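Engineer: Return a 3D structure for these sequence lines:
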Amino acid sequence: MSDALWWVPSLVVFGAAALIAAGAVVGVRRLGAGREQRALAGVRRDEVDAKVLIVRADEAVREAEREAAFVEAGFGAEAADRFRAEVERARGPLREAMLLQQRLDDAIPDTAAQRRDWSRRIAELCAAALEIVERADASAAAARAAERDAVGRLPQLRERAAALEARHAEALTQFDAVATRYAESALASSRDAAARAAAALAEALRIDAGAASTTGALDAAAVSRLEAVLARAERELADAESAERRLDDAAAALTDDEQRLAAALAAARTEADAAARDLADPRLSAAAEELGAAIAACSAALAQAPTGLPDPVARQARLRALHDRLDTALAEVRRAGGRLDGARSALAGALSIAEHTLREASAVIDRGRGRVGADARTRLADAERELVVARQEPDPVAALDAARRAAARAADADALARYDLSR
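Structural biologist: Residues are numbered from 1 along each chain as shown. As a prediction, this is how the structure comes out:
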C-alpha cells in the first residue's frame, strides 16, 4: 500500500512550489501596478499645467487676431498683413499642442512616461506660441510709440528745415563774394555740395507733405526719413559753407609747398648729375630717365606764371603730386645706384676668389696630366672665359656675376680633376 502512494510526497512538494510561484507573480503584478499608479499620480500636475498653458496660448492668439484690425486701422494693410502672418505662425505650435492634449484626454490608456513627455512637449509648444504673439504685440506697441514720438518731432524737424533753407541761401551769397577772389574752378566742388543740399531740402519738403498717411495718422517712418534727409542736407551745406576757409588755407600753404618742392628739386638735380656717370646700367638708366622727366615737370610747374584768378586748391594738389613723383623717381635712382655701389665694393673680392680657385684647379690638372678627363678641363676653360668677362665688363653688377660664375666653374674643375686622380 505504501509503495502505491510513493507519489504523494512529490505532489505535495510540487503543489506547494506552484502555490508559492503563483503568489509571487500576483505580488509582483500588484507591486508594478502600484508603482505605475503612483507615477501616473505624479504626472497629474504636469498635465494640469499643460492645460493651463493651452488656454493661455489660445486666448493670446485670439486676442492677437482681434488686434490685427486695430493695426490695419492705425498703420495700413501692409503692417496688418505682417502682423497677421506672425499670428498665423503662432497657430502652428498651438495646433500641435492641442493634438497632444487630445491624446492625453482620449480613452486609450497611456504610460506615465508617455504622459509626462507629452505634457512637457505641450508646455514647450505653448511657450513658443506665446513668444511669437508677444513679439508681434511688442512690434505693434513700438510702432504706436514711434507714432506718438513723431508727433512731437515733426515741428522740430520743420524748424530745422527752415534754418537749413536760410543757410543754403547764405551759402549761395557767399559763393558770389568768393568768386571775385578765386577762379570758378576752385568753387566747383562747393557749388556741387550746395546743389546736393538743395536737392535734399526739396526731398525733405516732399516727405513732409506726405507725412500724414492715408489713414489720417502720422507716418512715423516718413518722419524718420525726413530726419535722415535733413541730416544729409546739413552735411552737404557744411561742405559748401567751408569753401572760403578751405581756399584761404590752401592759398596760405601754397608758398610753403612751392619752397619745399624747389628744395627737393635742387637735391634731385645733384643726384641726377651723379647718376649720369653710371648710365651703362640699364636699371639705373631707366631710373635716371624718369628722374629727369620728374625734374622737368617740377621745374615747369614752379616756373608757371599765374593767369587770371587763382585756384589754390588745384595748384596745391598739382605741386604735391609732382613732389611725390619726384620723391619716387629719386628713390628708384638711389636703389639702382646702391646696387651698383654694392657690386663695385664686392667685385674686387670676387675676382680674387675666382683667380685663386682657378689657379688651384689648373695646378691639379697640370699634375694629373693625361689622367684628368675632359669634363674637368672644360670646366676650367669656362672659368677662364668667365674671368676674362669679369675683368672687361664695364657694368659692375654684370662683372660681379661673371666673377662668381668663374669661381664656381673653377671649383667644379678642381673637384672633377681630383676625382679623376683618385680612381
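
Engineer: By mean pLDDT, which helix or strand of the chain comes out lowest?
Structural biologist: Lowest by mean pLDDT, DSSP states H and E among the helices and strands of the chain is helix 8-75, with a mean of 69.

Engineer: Quick one: the strands in the stretch 151-300 of the chain, in order.
Structural biologist: Using DSSP state E, counting those that start in this stretch, the stretch 151-300 of the chain contains no strands.

Engineer: which non-adjacent residue is nearest Leu164?
Structural biologist: What sits nearest to Leu164 in space, not counting adjacent residues and going by CB to CB, 6 or more residues apart in numbering, is Ala233, at 5.4 Å. The C-beta positions use only the backbone N, C-alpha and C, and glycine is treated the same way.

Engineer: Quick check: pLDDT value at that neighbour.
Structural biologist: We have a pLDDT of 88 for Ala233.

Engineer: For it, grab the count of nearby residues.
Structural biologist: 25 (other CB atoms under 10 Å).

Engineer: Next, the contact list for it, please.
Structural biologist: By CB atoms under 8 Å, 6 or more residues apart in numbering, Ala233 lies in contact with Leu164, Ala197, Ala200, Leu201, Ala204.

Engineer: Which pair in those residues has the greatest spatial separation?
Structural biologist: Farthest pair in the contacts of Ala233 (CB to CB) is Ala197 and Ala204. Separation: 10.4 Å.

Engineer: re earlier: which of the contacts of Ala233 fall in helices?
Structural biologist: Among the contacts of Ala233, the ones falling in helices (DSSP state H) are Leu164, Ala197, Ala200, Leu201, Ala204.

Engineer: Just give the number of residues close to Arg404.
Structural biologist: 18.

Engineer: What residues does it make contact with?
Structural biologist: Taking CB under 8 Å, 6+ apart as the test, what Arg404 contacts is Ala350, Ala354.

Engineer: So what's the gap between the helix or strand just after the least confident helix or strand of the chain and the chain middle?
Structural biologist: The first helix or strand that comes after helix 8-75 along the chain, using DSSP states H and E, is helix 77-105. Centroid displacement of helix 77-105 relative to its chain, using CA atoms, centre = their mean, to the nearest Å, is 40 Å.

Engineer: Mind giving me the packing neighbours of helix 77-105?
Structural biologist: Counting contacts by 3 or more CB pairs under 8 Å, 6 or more residues apart in numbering; DSSP states H and E, helix 77-105 is packed against helix 8-75, helix 112-178.

Engineer: so where is this structure shaky, pLDDT-wise?
Structural biologist: Applying pLDDT under 70 to the chain flags residues 1-43, 74-75, 107-110, 143-152, 211-221, 274-282, 284, 338, 340-341.

Engineer: Provide a list of residues in contact with the residue nearest to Leu265 when sequence neighbours are not counted.
Structural biologist: Closest residue in space to Leu265, ignoring its immediate chain neighbours: Cys298 at 5.0 Å, by CB to CB, 6+ apart. With contact set as CB under 8 Å, 6+ apart, Cys298 has these partners: Leu261, Ala264, Leu265, Ala268, Leu322, His323, Arg325, Leu326.

Engineer: Count the neighbours of the fourth one for me.
Structural biologist: Ala268 is flanked by 20 other residues according to other CB under 10 Å.

Engineer: my guess is it contacts Gly292, does it?
Structural biologist: No: with contact defined as CB atoms under 8 Å, Ala268 does not count as touching Gly292 (9.3 Å).

Engineer: Give me the contacts around stretch 390-397.
Structural biologist: For stretch 390-397, contacts defined as CB under 8 Å, 6+ apart pick out 280-281, 339-340, 343-344, 347, 350-351, 354, 399-400, 402-403, 406.

Engineer: What about the residues you listed, which are in strands?
Structural biologist: Using DSSP state E, no member of the contacts of stretch 390-397 falls within strands.

Engineer: now those: which count as buried?
Structural biologist: Asp281, Leu340, Ala343, Leu347, Ala350, Leu351, Ala354, Ala399, Leu400, Ala402, Ala403, Ala406 (16 or more other CB atoms under 10 Å).

Engineer: Excluding covalently adjacent residues, which one is nearest to Ala413?
Structural biologist: Distances taken as CB to CB, 6+ apart place Arg379 nearest to Ala413, at 3.6 Å, with adjacent residues excluded.

Engineer: How about Glu184?
Structural biologist: Nearest in space to Glu184, with sequence neighbours left out and distances taken as CB to CB, 6+ apart, is Leu309 at 7.8 Å.

Engineer: give the contact list for the nearest residue to Val87 once chain neighbours are set aside.
Structural biologist: Nearest non-adjacent residue to Val87, counting by CB to CB, 6+ apart: Ala64, 4.6 Å away. Going by CB under 8 Å, 6+ apart, Ala64 touches Phe83, Glu86, Val87, Ala90, Val133, Ala136, Asp137.

Engineer: what about the third one, neighbour count?
Structural biologist: Here the count is done by other CB under 10 Å, and Val87 has 22 residues near it.

Engineer: Same question for the fourth one.
Structural biologist: With neighbours defined by other CB under 10 Å, the count for Ala90 comes to 23.

Engineer: ok, and the closest non-adjacent residue to it?
Structural biologist: Nearest non-adjacent residue to Ala90 (CB to CB, 6+ apart): Ile132, at 3.9 Å.

Engineer: Could you double-check that that neighbour sits in contact with Arg91?
Structural biologist: No: contact criterion CB under 8 Å: Ile132 and Arg91 do not qualify, at 9.1 Å.

Engineer: Can you pull the domain assignment for this structure?
Structural biologist: 14-151, 344-422 (the TED database).

Engineer: among those domains, which is the most enclosed?
Structural biologist: Mean neighbour count (mean count of other CB atoms under 10 Å) peaks for domain 344-422 among the domains of the chain, with a mean of 18.

Engineer: That domain: how far from the chain's middle?
Structural biologist: How far domain 344-422 lies from its chain's middle: 57 Å, per CA atoms, centre = their mean.

Engineer: Endpoints of that domain, how far apart?
Structural biologist: 40 Å (CA to CA, to the nearest Å).

Engineer: would you turn the domains of the chain into TSV with distance to Arg335?
Structural biologist: Shown next, in TSV, are the domains of the chain (distance: least, CB to CB, whole Å):
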stretch	distance to Arg335
domain 14-151	63
domain 344-422	13
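
Engineer: what's near enough to touch the residue nearest to Ala90?
Structural biologist: Ile132 neighbours (CB under 8 Å, 6+ apart): Glu86, Val87, Arg89, Ala90, Pro93.

Engineer: same thing but at 10 Å, please
Structural biologist: Listed by CB atoms under 10 Å, 6 or more residues apart in numbering, the contact set of Ile132 reads 57, 60-61, 64, 86-94.
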